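>>> kindly return the folded structure for what I paste below:
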Amino acid sequence: MKPMKIELEAYDLRIKTVGDGGSSGLVYLPKEWIGRKVKVLLIEKLEE
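Okay, here's the model as predicted:
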């Protein structure tokens, strides 16, 4: 996996750590964001 450069336009940015959600990952975001489209970027390399 190689890092890539991405340019985005956005209205807000939150940097979070993905938590354990049982059988999936979990990220909490503001309640006001419910129903909105978001993009989540992995910014650290996964261990192989």
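>>> when you work out contacts or count neighbours from here on, use the C-alpha atoms and nothing else.
Noted.
>>> checking Arg15 next. Helix, strand or coil?
Wrong residue type there; residue 15 is Ile, not Arg. coil (DSSP: H, G, I helix; E, B strand; the rest coil).
>>> what is the neighbour count of it?
Neighbours of Ile15 under the rule other C-alpha atoms under 10 Å: 9.
>>> same check on Leu42?
8.
>>> now the phi/psi pair for it, please.
Per-residue torsions, Leu42: phi -80, psi 120 (degrees, to the nearest 10).
>>> what does the model give the residue nearest to the spatial centre of the chain for pLDDT?
The centre of the chain sits closest to Val40, judged by C-alpha atoms, centre = their mean, with a distance of 2.8 Å. We note a pLDDT of 92 for Val40 in this prediction.
>>> and the gap between Ile6 and Val18?
From Ile6 across to Val18, the span is 21 Å (C-alpha to C-alpha, to the nearest Å).
>>> neighbour count winner among these two?
Between Ile6 and Val18, counting by other C-alpha under 10 Å, Val18 is the more crowded of the two (12 against 6).
>>> what sits against the more buried one?
Neighbour list for Val18: Gly25, Leu26, Val27 [criterion: C-alpha atoms under 8 Å, 6 or more residues apart in numbering].
>>> wait, a helix at the residue nearest to the centre of the chain?
No - the assignment for Val40 (three-state DSSP) gives coil, which keeps it out of a helix.
>>> separation between it and Ala10?
Going from Val40 to Ala10 by C-alpha to C-alpha gives 12 Å.
>>> can you check Thr17 too?
Taking C-alpha to C-alpha, one finds Thr17 at 20 Å from Ala10.
>>> can you pull the pLDDT of Gly22?
For Gly22, pLDDT reads 96.
>>> ok, it - how many residues close by?
Neighbour tally, Gly22, other C-alpha under 10 Å: 7.
>>> again, but for the one 10 residues further on
Around Glu32 there are 7 other residues, counting by other C-alpha under 10 Å.
>>> and it, how far is that from Leu26?
Distance check for Glu32 against Leu26: by C-alpha to C-alpha, it reads 17 Å.
>>> for Leu29, which non-adjacent residue is closest in space?
Arg14 (7.9 Å; C-alpha to C-alpha, 6 or more residues apart in numbering).
>>> that'll do, ta.
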